[in-house]
Every structure is written in C-alpha cells, then in structure tokens.
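Participant: I'll drop the sequence and a predicted model, then ask my questions.
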Amino acid sequence: MLIAARNLTKFFELRGGLTGKGAVQAVSDVDVEVREGEIVGVVGESGSGKSTLGRLLLGLIAPTSGEVLFDIPEELLQKYDEARSANDKKTMEEIASKYSITRKSGRELRALRRRMNMMFQDPYSSLNPRWRVEDIIMEPMVSTGYLTGNEARKRVRELLEEVGLPREFAYRYPHELSGGQRQRVALARSISTLPSFLVLDEPTSALDVSAQAQILQLLKRIRERFRIGLLLITHNIAVVSYMSDRIYVMYAGKVVEGGPKTSIISKPQHPYTVALISAVPGNSRGPRVILRGEPPNLVDPPKGCHFHPRCPMVMDNCGWTAKEVAEELEFLLRGRYYGMLKEGSKVVPQGELEILVEGAKAEEVRKVIEEEKEEVKSLRSIYEVREGNGGALVKLMRYDIPGMYRTDEGREVSCLIYRKT
Amino acid sequence: METQKTEYEADRFREIKTSLSVFFSNKGAVVGLVIVLVYVVDALLVQFFPQALGLKHPYTLVSNYVNPVPQPPSASYPFGTTFPGVDLFTSILKAVRVDLGYSLFVVLLGAFIGTVLGVISAFAGGIVDEFVMRITDIFFSIPYLVLALAIGFVLGRTLDNMALALAIVWWPIYARYARGQALSIKEMTFVEAARASGSGGGKIMFRHILPNVLPPIFVQISLDLGTVVLVFSVLAFIGFIPNANVPELGYLASLGLNYVATAPWTVLFPGAAITLFALAVNLVGDGLRDVLDPRRRS
Amino acid sequence: MRLWIYIARRLLILIPTLVGLTFIVFALTHAGGNNLILAEYINPRLSGPAREEAVAKLTAELHLNQPIYVQYFYWLAEVLKGNWGYTNTPIFSGSVTQAIALFMPNTLSISLFAALLIWVIGIPLGVFSAVNRDSVGDNAVRVTSFGLYSMPIYLIAVALILALGVYLKVLPFAGVVNPLLVSNVPWYHNGISYPTHILLIDAIIHGDWVVAGNAFLHMILPSLTLALGVLAGVIRILRASMLEVLDQDYIKLARAKGVPERAVYNLHARRNAILPTVTFFGYTVAGLLGGAVVVEEVFNYPGIGYWTTQALLNNDVGGILGSTLVFGLILIFTSLILDIVYAFLDPRIKY
Ligand SMILES: Nc1ncnc2c1ncn2[C@@H]1O[C@H](COP(=O)(O)OP(=O)(O)O)[C@@H](O)[C@H]1O
Ligand code: SF4
Ligand SMILES: [Mg+2]
C-alpha cells in the first residue's frame, strides 16, 4: 500500500483569551488509502477538511492523533487493522513506529519529500514571485539532493517539455505566465523528483474551462507515464468522476463514503453523497435533493452523525440533543402554537438529553409533538414527556454514532441506515 | 541558449521600464532624485577629489580666530561665516559627506539587524517571536532621541558612537515592519510548497521570505533616511560631540546659536541644507512607494 | 467580557516592559564603569589615599563589588524606594528625584500646551485636507506639512525666534520669565518658584498677574515649536485615515441616502478617523518628549530636557539615566492608558 491513514485527526486550537476557545475539528477519525499508480478523488464542500487531510498525509502538519502509514506492505497493513479491531495497542505501535510518517524525525521526513509532493490550488501564490521558473522547478531536486547543478538544470528543460511548456520558460518569472502555464510549472515542480505519491489540492479550480481540461489530461498522462499515486482534492464532482479510480466523500471533517468511482456515482448510498450527486447539472438519476441549512460549525460539530441536522433521511437516533430539540420546540411554541408558552417562560435544555418546557402541561406538549413529528424530524427523538418540576419534562433517546459500514464490493458508508443489526 | 537569454533580458528590461516610468511620472520624486544626486556627488567629490571643489582641508573645519565673529554673506563668503570665523559655504560642502555617510550607516545597520530579527521572529513564532517583540516594545517605550543620547553617552561622545547609538535605537522599527511583512508572506502557499519540496527552515527564511520582504524594506529605508539625517543633526546640535572640529550640519548650526539674533544666516544655512536633503529623500521615498504599489503599476 | 480580558492581557505585557526598561537603564548606568557612578558621590578634589578610602567605602556601600546580577536587584530596590542616585550639573546638584520634581513641571506644561495646539491646529487641518482632497487648500496643507516634516526641530525654533522674537519683537524667547519681574518676589528663589514649580500657576496662586502673563508669553514659543515639530505627522496620518473612512461603504450609503455632506463628515467620518489618531497620539507623546530635549535647550527652558542636555555636556550619568527612566515610565503608562481608551472606543476589538 502506497499510503494509508488510520484514525487520522486534526484539531486546530483556537488561540486567544486566557483559557483558549476550543478547537476547529478540521479532520476527525479518518481512514483513507491510496495504492501505487491510483487516482483517488476526495470530494466535499469547502471547509470539509479536504486540504487539511492532504497536508496531514504529506506530514506538512502534525496530526492531533492517528497514523499515516507510508509504503507499508499489504500484510502489515492488514495486521495493523486486525490489531486495531482487537484493540491490540502493542502490535499497532510496533507497526506504526516503523511506517508512520508522524513518527519520523525532521530529517527522515525531509528525505521522504523526494517520494511525495503537493500541488496547490492557487497558481498565483504557490510560486515564489521572485524566483525564476528554473529555480522553482529545481527546488525539490536540490532540496532533497535528487539532482544538483547542471543535471538539475537539464532536467528542468525535460520537465518543461513534459508539461507542455517551451524550454525558454525556464528564464521567466511567474508573473509573466498565465494561470494555466503556472499550474504546469507547479506540476513540473511536484513531479521533478519522480515521486510515488502526489496530493493535488484543487489543481484546476482557479482556471478557466479550457485550461482546466488541458491540465486534467496532462495529469492523466503523467500518472500513466510515471505511475504516480494521486490524491485529487476537489469540490467538483465532474472532475472527480472524470479522473479518479476511487472516491472519498468528506463532510464536516469526516469521510462519509468511499469506494470505486463508477459504483459511487451510479449508486450513491450516503444521503449526503446522494444530495451531492443529484446537484450535478445534467444529472438524470433521480430528483435533485436540495440540502437545507449550512455546513456545521466545526468548533462544536453536531453530535452523533455530523450530517444529521441537514439529512433528508435523518432518524430518531442520528444525534439529536436537547439543545437542538429545545430550539425547534420553542420555535413551534412561540409560532404555530402561540400562547402555550406563558409570558416569561422558556424551553430549557437540561443536560444533553432532557428539556424542561416551563409552565407547560405534559399532555399539551405531547400533543404538539405528535402533530409535528412528521414535519419536524428532530421531535422523533423524544421518547417520553412527563410532568416535571415547574413544567413538562421532555426526554430524548440516547443517540448512536455511525461507524464505517461495508456495503457492496469495496464500498463503505458512514450512515446508521447501513448498520447491520 | 543565446536567444533564450536575450528574451529573458528583454523581459527584465520591460519590467524595469515600467518601474522607471511609474517613478518618473511623479514630478516631486524626480526633483527629489536630482537634489539627492547633487548631495551624493558632493559627498563623493569631498571624499575622493576634494581638490575639485577647491577644498584644502576636506575633513575638518577651518577656524579664523582673527575674525571669529560671524560675517554676513558676501562675494568671498557666499553664505557668510559662523563662529569662530568658519566659512559656511565650504563647510556645508564638506558636511554633506559626513551627514550622508553616517545616516546611511545608521539606516543600513538598523535595517539589517531589524530585518534579520524580524524575519526570524515571524518565522520561528512562539517564544522567540514573543521575546523579540517584547524587546522592541521596550525600545519603543523610551523616546528614541533620549535613548540614543543615553546609549551614545555610555559608549563615549564621538561621532562614530553617536551613529552606533542611533542604529541601536533604530532597528526595532525594522524588526516590527519586517516581521509584519514576513508574517503575511509566510502564509502564502509557495512557502508551504517549499516545505513540501523538502526545503528546510533556513532556506525558506532566507531564500523565500527574505527576498519578498526586502523591497518594502528598501522603501522604508529611503523614507527613514530623511528622518535619520534630521535626528543625527539634532543630536549634534544639542552638543553631543564635544569640541568637535568636524564639519557636520547640526554641529555647524549650533556654532552660531549665540549670534542668531544678529547673524541668523549661521543657523539658517546649515539648517536649510539639511532640510533640503531630508525633503528630497522623502520625495524620492514617496516615489519609490508608488513603484512598489501594484495598483500604480498596471 | 472580552474587553476585560484584553485589558488584563495588556496589563500583563506591562510587566516585561517595565522590567526591560529598568534593565536598560541599569545596564547603561553600569556599562560606563564604576568610576562614572562613583564620580557622582566623591568630591572631585579628593586625591591620594583619602580618595582610595572613599572609593572603597562607597564601592561596598553601593554593592559595586557584587556580581552584576546581584547589583541589579540592589539597584532596583533602591529605585523602588525612590533613590535614583545623584546628579551634578550647573543648573542643579542633588538627588535625581528632586531634580525630576523640579524640572518635570516645566516640561509637562509646555508639552501639554503643545499637545493642545496640535489638537486645535491638526484636527481641523487634517479633516479639511481630506474633505477638500486635491484642492488648492489640500495641496497647500500637504506641501506645508511635508516641508515641516523635513525640518530639524532646531530650525523651526530658530525660524520662530527670528520671526516672532527678533523682528516682530512680540514674544520672548529665553527662559521662563523676565528676571527683572521676579527679582524681588518672595516665592521665587534661584530660578525656582513655589509651591508647584510651574511659574504660571504659582504666579496665579499668589495673585501676581504681571508675572503670570509674562510666564505665559515665555511658554508660547517653546510650545509652538514643539507643536509644529509633531504636527506634520499628525496631519498626514489624520488625512490618510480620514480618506480611508470616507471611502468606506457606509459613508457612501449615507451620501446616497441624502445625508448632507457636512453631517456625513462630522457625524460619521470624523468620529471614525479619530480612532487611529488615538493610537497615533502615543507617537505624539514620544515626539513631544523627545522634542522637548531640543526645544528646552534652544529656549533655555528649565525642564527635564534642558537638564538632560546639561547632564550630557557635564558627563553626568545620574541626570542622563534619570531622565531616560522617567521618560520611559511616562511613555509606558501613556501608551497603556491610550490602549485601554482605544479598547473602549473601538467596538471591533476582539481580543
Ligand atoms: N491553519 C489552520 N488554523 C485553523 N483552522 C484551520 C486551519 N486550516 C484549516 N482550518 C479550518 O479547518 C477547516 C477545514 O479546512 P480545509 O481543510 O481547508 O477545508 P477544505 O480544503 O475542504 O475547504 C475549516 O473550518 C478551516 O477554517
Ligand atoms: S446517520 Fe445516516 S441517516 Fe442518520 S443523519 Fe447521518 S446520514 Fe442521515
Ligand atoms: Mg481546500
């Protein structure tokens, strides 16, 4: 296996204040894999943690927890996964200490740089404006000691040709090139040491359509010629379906679905993937699903399934908590059921799973819930309403946290619908 | 290979041409540049060919105790004389070299120390950054003129030490400025690309960040030079260098202070010489700022 | 809540700054060697064994024979107790704290007067210049402030002396008062007035309006010089920040809604442009204090600055570092107060 992430997690601590203000949970508990010569697409909306995942895989930022196993023999990876299921920390540690790039020292990591690289979205800021193209493309070769001096210079000319640029461009400065030409230079830089793994972070998002198509074709050719494993990050389903062999779908820092491209595109399983694919223009499979609301705040992401507040298929145990339900209940009681809540009374969440509707009768609240359950899905998580101290006490069921469930051949989905009971 | 080089050179040439046309479209900057050049030529002549200006003692003031009282401007003394019988015109010609040279020294040394510390501070972050910034805070918490005076006093009251003291109080400005620039450049993707390419901290700091921090620093230097020339002459004026016989504009102005009511030229001419220079430098600095401003370029 | 956290953090930063200031002053005091320090205490006429004995005694008394970091704490303890050493200059000889008590009032009074002038002249000019951008008036203001910005402060002083003092003869330009007026006044000895040491106020206290008027006239030129020295920077900054505010969307909105131009400037633009100027006021204070050194020297105005230059000319460590310390303390606490005021004024501060 070229590269495999296990339980990879990255929280960005927010600074400021005397006590700190929590952390952005950019990537939480993610497993991904890329094989030699394979193109793996990562899709998801902006802010879902795709770039962070890419930087973690290359060891550009240190993970909060989890491992990135690089160039690990299949048997050992299997052994690691078995040990993980059996909670055998010792074996896991043994394997990770040898293969995980998070354990490597700065120098070892720098040596690994020859074998992996990254290409970035913004062609304007990813090239140093004060360097010539030649120096830019040479940088990985020189820094990793791959080639030096005249050999490196000679190779720059070859690489320029490889990415479809004239040799004379070696003497130019980035601001003298167009966006597409810059991305070609960036590509030439990232493949200059013939790496075996490349992360492409939205390599075409900043380009116009024709330049985009050219770069994508170039990438395919390069992959075939050099058998590089590519992780292609994008928010564009069309790009992913054109390019990749396999796909991961990310939502709010988690991988929600993964598997072979054709099967995912033709038969998405996770409700988020369904919505994502239905939104592609010209899609003929099924009605378009429009998601309500916005992506969650990653400092305090939703409990249970991160997707539950927006999920069209959401169930009673998907992660509803007292805060969310209380909000919706209060909205109803101050709106359609105006008058039921007395002046000055509130709907107060008590802990994670209990709500006090001040000054209300259990009977009345129960009726409202029955009537609205169909429409307001969060109310389905209520299993009991009692007379409580100073009002009606509403009790919620305990929610479940979805794991990764294997479905069809090579597919995995993180949705409770697919949990095998 | 030949044709490639020439094409590259053509590109460079075009680039330089835009910069020049932006600069020369600013009339003030051009006037400033001409004045600065006059001062520079004068300084170089005094340094290397004093005979060309007819100066016999280019590095000292020539007193005339026979007639020490300031004389008004006349044919033989175009700017008059100051106490003790010193011809102001030739003295100002000599003094330009001293003021220009020392001010350049102050600004360049301050900028060098400050830029290096600022870039390191921004790049290292954490405790190092906090430490350097607190030190600059401390320097900013004392009026620079007073601090320079105290440091120079401890070093010993000579012209060299005065310049050194000024450089010591001047670097924090550059440290803050360079740090701010470096922080924003550090966030640019090409720095991360460099790390992904295996470049180490030193290379990133000095080959990626520093070259991008320098151009705005150069503009800052040109803007600062005007201020430093003023502060330098002010320190000399209040008597920092004891009984010096050096041609320095602030010192020259202070010689006539006791006669100012009857012989105003003794202060006005040296003062005007320094004002003109500071003004010219400030004009050039404004012009350079335009050159670096991307909005003006396009 | 955030505001209080911000203020707490700001107070926390105060500690290293104060420690740093004392470090610098201590280091400079001692960098010159023990002889410079001892010189303040030992009668210069002493020589031979008598002198050596005095040196040995004082060295022990002042802990000068201890390791340097130990000396710092002894020194700091003395400073905190109010013992800042001795100063020996022609205008004053005695303890540094006494000198400061004597000279500081004069410096403060011309600085405050100058600050007032800056406010009165600077704000209207800066606003005028921004509002009438690129007009003849704006260009005049800009050229003038550019010129002032390029003048050494002593030249400003001399120009004012020549114009108002020598040719027009409307203002006095040396000292704090005409000596003839105070030669027989009981509350004035040896150039020092009592009880506040600010002649203007003391004269008013004692009902001597002639002296008060004369003292006020003596304040005008030094204060005006100081003000002009700092003014150019104030106008430039105020104009720039005013222009920035005028370009902002809500101002354009107010205009589009038909709010009269004047109201736009006065109600919206000016209030917001003043905020950056509050921070800039820190620069003003530093400029005033630094400028005071030169101005007091030129006008023989007996303030801290005059004392400092006298100390410099007489190789007096106590005077130079005493003024460094006191100037540092003033600046540190002014910027603390300004930062806190700024935090209260600026709703956007989110620390
Ligand atoms: N260096 C960082 N510091 C703090 N938060 C970050 C940092 N990098 C990314 N984030 C946050 O992590 C989340 C995921 O970001 P990112 O990985 O860039 O998403 P994507 O690439 O899918 O748009 C976002 O909420 C982003 O604000
Ligand atoms: S677990 Fe499945 S059904 Fe439940 S909210 Fe998440 S995606 Fe929707
Ligand atoms: Mg991204």
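Facilitator: Sure, I can see it. Ligands and ions are numbered 1, 2, ... in the order given.

Participant: only C-alpha atoms for contact and neighbour calcs from this point on.
Facilitator: Noted.

Participant: Isn't residue A:365 up against residue A:395?
Facilitator: No. In this structure, residue A:365 is not within contact of residue A:395 by Cα atoms under 8 Å, at 11.9 Å.

Participant: which residues do those two both contact?
Facilitator: In the contact map built from Cα atoms under 8 Å, 6 or more residues apart in numbering or on different chains, the residues linked to both residue A:365 and residue A:395 are residue A:385.

Participant: Now do the helices in chain B.
Facilitator: In chain order, chain B shows helices spanning B:2-24, B:27-48, B:88-124, B:126-140, B:144-155, B:159-186, B:189-196, B:201-203, B:210-237, B:249-255, B:265-292, B:294-297, with DSSP state H as the criterion.

Participant: Nearest to ligand 2 among these would be which one?
Facilitator: helix B:189-196 (34.3 Å; Cα to the nearest ligand atom).

Participant: Give me the angle between the closest one and helix B:159-186.
Facilitator: Compare the direction of helix B:189-196 with that of helix B:159-186 by axes from the mean of the first three to the mean of the last three Cα atoms, to 10 degrees and you get 80 degrees.

Participant: which residues are in contact with helix B:189-196?
Facilitator: Outside helix B:189-196, the residues that touch it by Cα under 8 Å, 6+ apart are A:58, A:60, A:113, A:116-120, A:122, A:125-128, A:139-140, B:185, B:204, B:208-209.

Participant: for the stretch 101-250 of chain C, which spans come out with low pLDDT?
Facilitator: Counting by pLDDT under 70, the stretch 101-250 of chain C has low-confidence residues at C:248-250.

Participant: just the strands in it please.
Facilitator: Assignment of strands within the stretch 101-250 of chain C using DSSP state E, counting those that start in this stretch yields the ranges C:188-189, C:192-193.

Participant: Parallel or antiparallel, which strands does the first one pair with?
Facilitator: Yep, that's strand C:188-189 we're talking about. Taking DSSP bridges as the criterion, strand C:188-189 forms sheet pairs with strand C:192-193 (antiparallel).

Participant: Let me see the mean pLDDT of stretch A:112-119.
Facilitator: Rounded to a whole number, the mean pLDDT of stretch A:112-119 is 94.

Participant: Can you select the buried ones among the contacts of helix B:189-196 for me in PyMOL?
Facilitator: To isolate the buried ones among those in PyMOL, judged by 16 or more other Cα atoms under 10 Å in any protein chain shown, type:
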select buried, (chain A and resi 58+60+113+116+117+118+119+120+122+125+126+127+128+139+140) or (chain B and resi 185+204+208+209)
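
Participant: Sort out for me which of the contacts of helix B:189-196 are in helices.
Facilitator: Of the positions in the contacts of helix B:189-196, A:139-140, B:185 sit in helices, assigned by DSSP H.

Participant: which of the contacts of helix B:189-196 are close to chain C?
Facilitator: With Cα under 8 Å from any Cα of the partner chain as the criterion, the subset of those in contact with chain C is empty.

Participant: Ligand 1: which of the ones in helices among the contacts of helix B:189-196 is nearest?
Facilitator: The nearest one, if we look at those relative to ligand 1 and count by Cα to the nearest ligand atom, is residue B:185, at 14.5 Å.

Participant: Pretty sure the closest one sits against residue B:212.
Facilitator: Yes. The pair residue B:185 and residue B:212 passes the contact test of Cα under 8 Å, sitting 7.4 Å apart.

Participant: I figured residue A:96 hits residue A:71, correct?
Facilitator: No. Residue A:96 is not in contact with residue A:71 according to Cα under 8 Å; the separation is 11.7 Å.

Participant: Of those two, which one has the most company?
Facilitator: The neighbour count for residue A:96 versus residue A:71, taken as other Cα atoms under 10 Å in any protein chain shown, is higher for residue A:96 (23 against 18).

Participant: Run through the residues that contact the more buried one.
Facilitator: Contacts for residue A:96 were tallied using Cα under 8 Å, 6+ apart; they are A:67, A:69, A:103.

Participant: swap the cut-off to 10 Å and go again
Facilitator: A:6, A:66-70, A:72, A:76-77, A:80, A:90, A:102-103 (Cα atoms under 10 Å, 6 or more residues apart in numbering or on different chains).

Participant: tell me the phi and psi of it?
Facilitator: phi -60, psi -40 (degrees, to the nearest 10).

Participant: ok, which stretches of chain A are helices?
Facilitator: Defined through DSSP H, the helices belonging to chain A, from first to last, are A:50-57, A:74-85, A:89-99, A:106-112, A:133-144, A:149-162, A:179-191, A:209-226, A:237-243, A:261-266, A:271-278, A:322-334, A:362-372.
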